[in-house]
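1. Sequence and predicted structure below; questions after.
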Amino acid sequence: MAKLYINPNVKKGTINKEIYGHFSEHLGRCIYEGLYVGENSSIPNKNGMRTDVVEALKEMKLPVLRWPGGCFADEYHWKDGIGPKENRKKMINTHWGGVVEDNSFGTHEFMELCDQLGCEPYINGNLGSGTVQEMSEWIEYMTFDGLSPMSTLREQNGRKEPWKVKFFGVGNENWGCGGNMRPEYYADEYRRYSTYCRNYGENRLYKIACGANASDYNWTEQVMKIAHPYMDGISLHYYTLPTGNWSDKGSATQFDEKDWYKTLSRTLFMDELITNNDHIMSKYDPKKRIGLLVDEWGTWYNVEEGTNPGFLYQQNTMRDALVAGINLNIFNKHCDRVKMANIAQLVNVLQAVILTEGEKMLLTPTYYVFCMYKNHQDAELVESSLTTEKIGLEKEFMVPNMNESVSVGADGKLHITLTNLSLTDSYEIDTVITEGKAKSVTGTLLTGAMDAHNTFENPNQVHSTEFTETKLTDTGLSFMIPACSVLSLEVELA
Ligand code: AHR
């Protein structure tokens with residue numbers, strides 16, 4: 001029997017709600033079709049935003065949304081996306097499928113979307129191909145309250161009040177699509193660009209430097225060394241590729257048991273990446289003022305057959321649910337350093353929580369995980385530990401059978417989230433709550449075959465269900481977690 005120890009009195013820091021963040025790029029059918037259909041669409045919408053998608057995302061409690069990219073961000077010129085739509089400049093989206101970008105979704109539309117979702121905007125500026133002036137003016141346009149050239153332009157475009165913008169990224173993947181820079185060069189550019197990212201009025205920017213690609217620790221080291229006094233956060237990008245090979249990443253739905261454990265083992269690498277980045281950051285920032293923002297994470301497979309390779313459209317199975325559950329538990333446990341995380345991407349791209357086809361919409365297994373974990377948002381991480389064993393089919397890709405995290409909310413309730421990585425075994429868990437007693441418990445479970453997924457023909461194949469198998473014991477709780485599942489429990493303490 002496995003033991004889960006929880007001490008609700010040992011608080012380990014706040015789990016920022018932004019850890020449950022998302023990412024929306026001008027890529028494939030994420031923005032256009034997925035989120036924005038335009039005012040004249042026959043698909044029900046409010047000011048162009050799909051009502052069905054917005055409602056589902058509100059239910060999931062999306063706290064922060066990153067935009068406009070990704071690689072697109074360093075080619076995006078924000079002035080092309082403001083003013084009357086018929087006058088907006090058309091461009092080719094060279095990164096993603098070579099399609100025409102008509103700029104009908106720009107700053108005002110993004111802010112409208114955030115407003116409808118009730119989430120914070122996270123704007124990613126263009127350092128790779130834009131100018132310092134352009135970046136500086138975008139911030140003035142969005143946030144200046146008073147008379148200035150940019151606030152006047154904003155007013156001419158129908159918005160008198162400034163918006164509140166906290167999160168601002170100064171470039172994206174500048175080691176790659178954002179300019180192929182060396183870390184020393186980027187760090188100097190970061191210092192220059194960020195100088196002109198001004199705080200206007202009450203608005204306070206949280207400036208985010210471009211961080212490393214996976215385990216490129218030298219990037220973190222150099223950027224921290226040169227630019228740490230000028231940043232509030234630094235990013236980290238890490239995708240789970242089942243094969244570990246960019247030229248053949250594997251299928252989203254057709255995989256075997258070995259691929260399952262391989263994928264989960266590569267997912268667990270996130271823990272090592274965060275630990276090592278934290279270690280480097282602590283050399284320059286021992287008090288952990290600067291946040292690590294994992295602003296791109298998730299699975300990346302070969303695209304679905306017959307779809308545009310530049311659109312990164314992929315299905316989403318129970319395997320993705322496990323990837324999400326494991327990563328979110330890891331982020332929670334590192335909440336002293338990880339201040340935000342943004343799964344890539346929100347709709348129709350990579351590990352999406354929603355897929356659409358014309359007017360149809362479906363919720364993916366990953367969506368349910370985000371709903372089941374939402375009570376962790378802004379809760380206090382508490383001390384927990386779980387006895388685990390190593391499982392798997394190949395020596396190189398052994399994984400712990402479960403992972404977990406536990407928080408206590410403002411209402412005093414305990415929120416336990418657990419994943420069972422085993423494809424074959426369920427586990428009995430004896431939960432010991434030290435310094436506290438459980439009064440009542442409710443639960444939600446997501447389980448199914450490893451490749452179970454929702455389709456437009458069968459959109460409810462995978463969905464969460466109420467979990468009522470938990471028993472209260474003298475010391476805490478006991479329950480059995482089924483194989484291949486994600487479980488969340490909410491415990492009221494006596
Ligand atoms: O999410 C897709 C792409 O992955 C992003 O545009 C880029 O930042 C990363 O390489």
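-> That came through fine. In this text the structure is predicted, and so the values were computed from the model without any measurement.

2. Settle this for me: residue 384 is touching residue 6, isn't it.
-> Yes - here residue 384 reaches residue 6: they are 4.8 Å apart, a contact under CB atoms under 8 Å. The C-beta positions use only the backbone N, C-alpha and C, and glycine is treated the same way.

3. Give the residues shared as contacts by those two.
-> 406, 416 (CB atoms under 8 Å, 6 or more residues apart in numbering).

4. what does the chain put close to the ligand?
-> Contacts of the chain with the ligand, taken as CB under 6 Å from any ligand atom, map to 25, 69, 70, 71, 172, 173, 296, 344, 345, 350.

5. just the residues you listed now: which is nearest the ligand?
-> Distances from the ligand to those, taken as CB to the nearest ligand atom, are shortest for residue 70 (2.7 Å).

6. Setting aside sequence neighbours, what's the nearest residue to the closest one?
-> Nearest residue to residue 70 in three dimensions, chain neighbours excluded: residue 25, at 3.7 Å (CB to CB, 6 or more residues apart in numbering).

7. Same check on residue 151?
-> Here the residue nearest residue 151, using CB to CB, 6+ apart, is residue 144, at 4.5 Å.

8. ok, the one you found - contacts?
-> Residue 144 neighbours (CB under 8 Å, 6+ apart): 150, 151, 162, 200, 201.

9. how far away is it from residue 208?
-> 21 Å (CB to CB, to the nearest Å).

10. before we move on, the earlier item: next, count neighbours for the residue nearest to residue 70.
-> 28 (other CB atoms under 10 Å).

11. same check, this time on residue 457
-> 8.

12. Enumerate every residue touching it.
-> So residue 457 contacts nothing (CB under 8 Å, 6+ apart).

13. Now do it, the pLDDT please.
-> pLDDT, residue 457: 97.

14. And it, its phi and psi?
-> Dihedral pair for residue 457: phi -80, psi -30, per degrees, to the nearest 10.

15. returning to that earlier point: is it possible to get CSV of the residues of the chain next to the ligand that adds secondary structure and pLDDT?
-> Output for the residues of the chain next to the ligand, formatted as CSV (DSSP: H, G, I helix; E, B strand; the rest coil; pLDDT from 0 to 100):
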residue, secondary structure, pLDDT
25, coil, 98
69, coil, 97
70, coil, 97
71, helix, 98
172, coil, 98
173, coil, 98
296, strand, 98
344, strand, 98
345, coil, 97
350, coil, 98
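
16. and those, which are buried?
-> Among those, the ones that count as buried by 16 or more other CB atoms under 10 Å are 25, 69, 70, 71, 172, 173, 296, 344, 345, 350.

17. among the contacts of residue 144, which are in strands?
-> Using DSSP state E, no member of the contacts of residue 144 sits in strands.

18. Can I have the buried ones of those residues as a PyMOL selection?
-> Only the buried entries of the contacts of residue 144 go into this PyMOL selection, using 16+ other CB under 10 Å:
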select buried, resi 150+151+162+200
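
19. Out of the contacts of residue 144, the closest to residue 56 would be?
-> For these, the closest approach to residue 56 (CB to CB) belongs to residue 162, at 29.6 Å.

20. where along the stretch 151-300 of the chain do the helices fall?
-> Taking DSSP state H, counting those that start in this stretch to define them, one finds helices in the stretch 151-300 of the chain at 183-195, 217-227, 257-284.

21. Taking helix 217-227 as reference, get the angle to the longest one.
-> It stands for helix 257-284. Interaxial angle, helix 257-284 versus helix 217-227 (axes from the mean of the first three to the mean of the last three CA atoms, to 10 degrees): 30 degrees.
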